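Trainee: Give me a model of this one.
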Amino acid sequence: MCLAVPVRIKSIEGTEAEVEAGGITRKASLILTPQAKVGDYVLLHAGYAINIVNQAEAEQTLALFSQMSQLMEPE
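Mentor: Alright, predicted model coming up:
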């Protein structure tokens with residue numbers, strides 16, 4: 001099973017972007033999504049942005065991940 005996580009592009013340098021989700025930032029390759037720009041949400045899989053997604057869809061998915069995480073935390 002593969003999982004891609006929506007992240008927001010904070011900055012771009014060449015074909016590499018700094019992306020952020022849930023306060024965590026990391027580097028990601030834009031080699032597969034050269035049309036992506038700062039502020040876009042992309043699906044990140046194995047360090048590669050594999051698709052651009054709309055903001056509403058990305059935020060809804062991130063909210064679901066957050067809810068799942070809260071349900072898994074011990075009380």
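Trainee: which sections of the chain are below the confidence cut-off?
Mentor: Within the chain, the stretches with pLDDT under 70 are 1, 74-75.
Trainee: ranges for the strands of it?
Mentor: Per DSSP state E, the chain has strands spanning 5-13, 16-21, 24-29, 41-45, 48-53. These are given in chain order.
Trainee: Can you say which of the ones you listed is nearest to F65?
Mentor: Taking CB to CB as the criterion, F65 comes closest to strand 5-13 out of the strands of the chain, the separation being 7.4 Å. To be clear about C-beta, it is placed using only N, CA and C from the backbone, and glycine gets the same treatment.
Trainee: So what touches the closest one?
Mentor: Strand 5-13 is contacted by residues 17-21, 25, 28, 30, 36-45, 49, 53, 57-59, 61-62, 65 when judged by CB atoms under 8 Å, 6 or more residues apart in numbering.
Trainee: Now list the buried members of those.
Mentor: With burial judged by 16 or more other CB atoms under 10 Å, the buried subset of those is 17-19, 21, 28, 30, 36, 40-44, 49, 53, 58, 61-62.
Trainee: burial measure for I50, as a count.
Mentor: Applying other CB atoms under 10 Å, we find 15 residues neighbouring I50.
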